[in-house]
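Chemist: I would like the atomic coordinates for the input below:
(2 chains)
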Amino acid sequence: MKIVLDHLTKRFPNRNRKIKEEVVAVSDFTFEIPDGTLIGLLGPSGCGKSTTLNLISGLEVPTEGRVFFGDEDVTDLPPEKRGVGLVFQNYALYPHMTVLENIMFPLGNFKGDDRLPKEEMKKRALEAAKLVQIDGLMERRPSELSGGQQQRVAIARALVKRPGVLLLDEPLSNLDARLRLATREEIRRIQRETGITTIFVTHDQEEAMSISDLIVVMKEGAVHQISKPQAVYDDPVNLFVAKFLGTPPINVFRGEVRGEMLFIGEEPVLPEPGVADGEVTVGVRPEGFVPTSDGALTCGLTRVEVMGRDTSIVFTHPSLDGEGGRAIVEAEHAAGLEPGTVRFALKPTKTHLFDAETGERIRNASGV
Amino acid sequence: MKKQNLKAWLYLAPAMAFLGLFMVYPLVDVVVYSLEEGYNSASQSYFGTGLYNFSYVLRDPYFLQAVKNTMILVIITVPVSTGLALLISLGLNSITALKKLFQTVYFLPYVTNTLAVGLVFMILFKKTAYSDGLINLLIHAFGGPTVDFIDGPYWAKMLVLCIYTVWIVMPFKVLILTGALASVNPLYYSAAKVDGTSKARIFWRITLPMISPMIFYLVITGFIGAFKAYSDAVALFGVDLNAAGMNTIVGYVYDMLYGNSGGYPSYASAAALILFAIVFTITCVNLLISRKNARV
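Modeler: This next block holds a predicted model:
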């Protein structure tokens, strides 16, 4: 089922009653989520991604705007009429029920003609459990399960009523690093197998990048960019998106364009055809540096960190924002580097220009 | 190591002495008294030892009346007060306006003096030369005959005692249950709501199991408290409870010691031990049931 968010806005009254101004949790969110896709809502905490999820599930009512499931306007429908499966951050499994009882619980809410016989309920619950591979644990209680297993039970409970939409709120944040990797593959597999339109909320960019079909980057209630995962990384629309994605983070310099040439400090580093003169903010991905003896950018070299496959160069530059920059280069390029100075050539596709005031992306004539 | 142990015992000594003198010694003494036949407190002498005191107490019509009264009190007030407290807590939990005010109001009886409450109940129920009491006025308004709640028929007196007890014990239960309800993670309700769970089903399948440990706690302490009832009856019916036919087991023990017919510590001790046996048995049964049901 496709989901359409039409100018969705949610404002909360300020907690501090003396302040009349309302808190805008979600601001003018418009987006059509294609049927059967996995969408990652990504942003720092407090950016309104969980509120967006609650607006879709119906736990919150939007201040303005509409929500459509398929062609049906569900804005005024309560959560139970929307047919959504929701997985909570800490799973919210009922601690006094067994796994089987937990998974069967949503089916017990069906009324009238929809009501299933007990055997059918059990069968459906077992199907859902098989899908998430916990069918051997049906008689256990949540307290007897590991975090990953609890997560699976929560997903099975959300899927058992065969919802049109599956919503996951920070599904991996309570798992340890190894389990996180395995579980995100698992979520991807389940989503592919069921073909259910899935939206999940995360503050972890790697998580979002690895399994989403599309990523929505949010900040302070506003949507900044909606793109394929690679595009969000390679082609950020503004400085916030560029800074938020990528580990190690993008290196930010103060620069200036003069006569279609980008200067960092007093060094001309890259030609930028079609870009007007003026101050700019320059973002360079760590992999955008190539150390060569005739490189255009001269930096102070603090230290070289060997990480096996790659080498990380920590450098300084007077125009650099923050303490020190970091470049990731292939090991052979870093051979023979000594603390002192280092010269880098910049890769044009890994170097992005942003407006010094607004942080909006400035594109040159060739589009990068 | 040895020296350390000595030190530890030294630190414990004041508390041990205190507890031994005021807790352990009386406990032992009760058992001793209960086995001494024909004990005379003036001469500190007795004829012999045996179980005669128990058989006397168990045949004493006043004791049997006290047991009957206590049992009725326990069986009626514990479920009624717990149930009402649960309803009130659910109500308190779901309102937002004036929540604190209502919480305070429902807690007031807990900090009110028993005898002051007894006075209020007098105004409500007692028949005097000037008035039949507020409740009788109400009964008249509906065309019923006057009922003497304080000196009248047994059921009327028992009714007043039960209402009084429920009123006295409820605030503590409301307090505990309001806290228990507030501690249920609201996420469970959100999860249930998304799945379209009806209000009734949320209550029976989620809320109640989650607060059941607290309910069991209240039932067990409620049983023990109700078995120990005495001052409530005194506040309503005066000190001569045997004459009013409203004595309780603890009241009987007191009367046997200090009452008009008192001076029989042996009988009092036997009665106290019988009460202990009853309370012990019922608490064990309660714990067994709660252990079977507590699944969290």
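
Chemist: can you tell me the helix or strand for the closest residue to chain A within the stretch 101-250 of chain B?
Modeler: Using C-beta to the nearest C-beta, the closest approach of the stretch 101-250 of chain B to chain A is made by residue B:196 at 2.7 Å. Heads up, the C-betas are built off the backbone N, CA and C, glycines and all. Counting by DSSP states H and E, residue B:196 is held by no secondary-structure element, helix or strand.

Chemist: I'd say it and residue A:83 touch.
Modeler: No. Here residue B:196 does not reach residue A:83: they are 9.2 Å apart, not a contact under C-beta atoms under 8 Å.

Chemist: find the nearest non-adjacent residue to residue A:140, please.
Modeler: Take residue A:140 and drop its neighbours on the chain: the residue closest to it by C-beta to C-beta, 6 or more residues apart in numbering or on different chains is residue A:99, 5.5 Å away.

Chemist: which residues touch that neighbour?
Modeler: By C-beta atoms under 8 Å, 6 or more residues apart in numbering or on different chains, the contact list for residue A:99 reads A:129, A:134, A:137, A:138, A:139, A:140, A:141, A:142, A:145, A:153.

Chemist: make it 6 Å
Modeler: Contact analysis of residue A:99 by C-beta atoms under 6 Å, 6 or more residues apart in numbering or on different chains lists A:137, A:138, A:140, A:153.

Chemist: next: residue A:32.
Modeler: Counting by C-beta under 6 Å, 6+ apart, residue A:32 has contacts residue A:4.

Chemist: identify the bridge partners of it.
Modeler: Assessed by DSSP bridges, residue A:32 has beta-bridge partners residue A:4.

Chemist: distance of it from residue A:82?
Modeler: Here residue A:32 is placed at a distance of 17 Å from residue A:82 (C-beta to C-beta, to the nearest Å).

Chemist: same deal with residue B:256?
Modeler: Where residue A:82 is concerned, residue B:256 sits at a distance of 70 Å (C-beta to C-beta).

Chemist: who has more neighbours, those two?
Modeler: Between residue B:256 and residue A:82, residue B:256 has the larger neighbour count (other C-beta atoms under 10 Å in any protein chain shown), namely 24 against 21.

Chemist: tell me the confidence at residue B:52?
Modeler: pLDDT, residue B:52: 87.

Chemist: check residue A:156 too.
Modeler: 91.

Chemist: touching, it and residue A:129? I think so.
Modeler: Yes. Using C-beta atoms under 6 Å, residue A:156 makes contact with residue A:129 at a distance of 5.2 Å.

Chemist: neighbour-wise, which of those two wins?
Modeler: More crowded of residue A:156 and residue A:129, by other C-beta under 10 Å: residue A:156, with 26 against 23.

Chemist: and the more buried one, that's in a helix?
Modeler: Yes. Under DSSP: H, G, I helix; E, B strand; the rest coil, residue A:156 sits within a helix.

Chemist: can you give me the distance of it to chain B?
Modeler: Note on residue A:156: its distance to chain B, by C-beta to the nearest C-beta, to the nearest Å, is 13 Å.

Chemist: how about the strands of the stretch 1-150 of chain A, start to end?
Modeler: A:3-12, A:23-33, A:38-42, A:64-69, A:72-73, A:84-87 (DSSP state E, counting those that start in this stretch).

Chemist: can you give the strand pairings for the shortest one, parallel or anti for each?
Modeler: Yep, that's strand A:72-73 we're talking about. strand A:64-69 (antiparallel).

Chemist: outside of the strand it pairs with, which residues touch it?
Modeler: Strand A:64-69 is contacted from outside by A:1, A:3, A:4, A:5, A:6, A:7, A:8, A:9, A:73, A:74, A:75, using C-beta under 6 Å, 6+ apart.

Chemist: swap the cut-off to 7 Å and go again
Modeler: A:1, A:3-9, A:55-56, A:73-75, A:82, A:164-165 (C-beta atoms under 7 Å, 6 or more residues apart in numbering or on different chains).
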